[in-house]
Every structure is written in structure tokens, then in C-alpha cells.
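Undergrad: structure, please.
(one chain, ligands or ions: 1)
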Amino acid sequence: MTQGKFIVVEGLEGAGKSNAQAQIVKAIEALSLIKGQQIEIVQTREPGGTPLAEKLRAIFKAELNGEVLTHKAELLVLYAARIQLVENIIKPALARGAFVIGDRHDLSSQAYQGAGRGFDTTFMNTLKTLVLEDFKPDLTLYLDIPPEIGLARARNRGQLDRIEQEAMSFFERVRAAYLGFAKNDKSIKTIDASLPIETVNDEIQSVMRTWLAY
Ligand code: Z5A
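TA: The predicted model follows:
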């Protein structure tokens, strides 16, 4: 059995990650048809994706009756959820030969906690290596969008959660960090997510066809 692939979708809120995941599924299904073999697809989200990680997601997203969630506690909650998901769901799926599509992964912590909250790079890299060792996605699609457009889309869906209520400067730092990571890592492909959805979909299909080589 060949090892599967881990594909992650990243971006600010409202960038269209749910839509992008559906496009990735479509591309993998096309590959399945061409190869004439069924490819298992597993979809995950972070924080979340296991019973414990979903509980940690609820803690992460909630207002805690006035208790301040410190930035370090927030970061450790995210890594506790992540390692549960990686060890219990993602690695076994990859070992079965599945394609795992992740709605966010470690790059979110590097961008939101590293750049957004202001943890330094050495601290972030040390924590990442301690928890995840050398585990990383095979491919990341970064959906780039100015925060004012993404947040407007998120706002249309209803009430904003704890992170979504951060200042615009927070999201500007997060976006700048994502763009910097994408510039320095060939496994991260940037998609302009501010374009009309049909154009975004065409671009995702093109990136996926090239990457999957079909
Ligand atoms: N977080 C963190 O800080 N650190 C970490 O390590 C991790 C996460 C893992 C997760 O919340 C929060 O956790 C997130 C980062 C933080 N914080 N915030 N804020 P979540 O999972 O609830 O939310 P999200 O990940 O940000 O997802 P989202 O808001 O649902 O965004 P999305 O999935 O990208 O959006 P969407 O639902 O696909 O699209 C939004 C709307 O836009 C929808 O109505 C679409 O139809 C529409 N859309 C999509 N594409 C287009 C285009 N091209 N044009 C027009 N309209 C479009």
C-alpha cells in the first residue's frame, strides 16, 4: 500500500476554504476515475476532528465567562487538539493510502498565534518540532484574501466568534505572515480568493491537475 497524501487548505476567515475542499475532492475523484481505482478521501478540520479535539475547539472558540484565555494557553490548546488529530486520524489514514484534506493545520498557528499574537519564530518552531516532529502537509492551498473582504463574508453568516472579533491589524499581520510562508515554501500554492468563485474554482482545478499529474 502506498502512503497517502495530506493536502491542507489555509486562509483567513471567509476566504472560501469550504468551497476549496469541495474542489479538491472533485480533483481527487477525477484522478480515481482516470486510474480506475477508488481513492479513499478523509476530511478533517482544525482545531477539531476527534472527540477530544472537538471539545478543545469549543473551549478555543468560546467566551469563557469573562476568564481570559492567555495566549500561551490558547497555543497549547491548539497543539493538544492537533496532535490528537494527527496521531489518531491523519497518520492512520495516510498509512491506509487515503488522501486527507485538512481545513487548516499548523500554518494557521504559525500565522494566527506566531504573527497575530506575536510569539517569536524560534519559540514557535521549537514547539512545532517538539509536538509534530517532521510531520507536514504534502501540499497546502493558501487562499489569499484581504481581511476586510473575508470578514465581510464571514459577517454575512452571522455572529463573529472570539478570534473573528480581533482588530483589523491582527488579520493584516496574519495575512502578511501567510504570504511570507508561501513565498518561501514550494509546497504552498497561493490562490487569489478575492476573484469570482468560478475563477477561483478553475485555478484550484489547474493547480490540482498539475500536482496530481493527470
Ligand atoms: N485558528 C487559529 O487561530 N490557530 C490555529 O492553529 C487554527 C485555527 C487551526 C477556526 O474557525 C478559527 O481558528 C479561525 C482561525 C483560528 N479563526 N477565525 N476567525 P472556523 O473553523 O470556525 O472558521 P474558519 O476556519 O475561519 O472558516 P470560515 O470562516 O468558515 O471560512 P471559510 O471556510 O474560508 O469560508 P467559506 O464558508 O468557505 O466561505 C465564506 C462565504 O463566502 C460563503 O458564504 C461562501 O459562499 C462565500 N464565498 C466563498 N468563495 C467566494 C468567492 N470567491 N466569491 C464570493 N463569495 C465567496
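
Undergrad: check contacts around the closest residue to Thr121 other than its chain neighbours.
TA: Counting by CB to CB, 6 or more residues apart in numbering, the nearest residue to Thr121 once its immediate chain neighbours are dropped is Gly114, at 6.7 Å. No exception for glycine: its C-beta is placed from N, CA and C like everyone else's. Residues in contact with Gly114 (CB atoms under 8 Å, 6 or more residues apart in numbering) are Thr121, Met124, Ala177.

Undergrad: quick one: the strands in this protein?
TA: 5-11, 41-45, 99-103, 139-144, 188-192 (DSSP state E).

Undergrad: dump those strands to JSON lines, plus mean pLDDT.
TA: As requested, the strands of the chain are exported to JSON lines (pLDDT from 0 to 100):
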{"stretch": "strand 5-11", "mean pLDDT": "98"}
{"stretch": "strand 41-45", "mean pLDDT": "98"}
{"stretch": "strand 99-103", "mean pLDDT": "98"}
{"stretch": "strand 139-144", "mean pLDDT": "98"}
{"stretch": "strand 188-192", "mean pLDDT": "98"}
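
Undergrad: how about the residues of the protein near the ligand?
TA: For the chain, the contact set with the ligand under CB under 6 Å from any ligand atom comprises 11, 13-19, 46-47, 78, 104, 108-109, 112-113, 153-154, 163-164, 193, 196-197, 200.

Undergrad: pull out the buried residues from these.
TA: 11, 13-17, 46-47, 78, 104, 108-109, 112-113, 154, 164, 193, 200 (16 or more other CB atoms under 10 Å).

Undergrad: averaged over its residues, which helix or strand of this protein has the lowest pLDDT?
TA: helix 147-156 (a mean of 92; mean pLDDT, DSSP states H and E).

Undergrad: ok, residues contacting that helix?
TA: So helix 147-156 is contacted by 11-16, 160, 164, 168, 171-172, 174-175, 193-194 (CB under 8 Å, 6+ apart).
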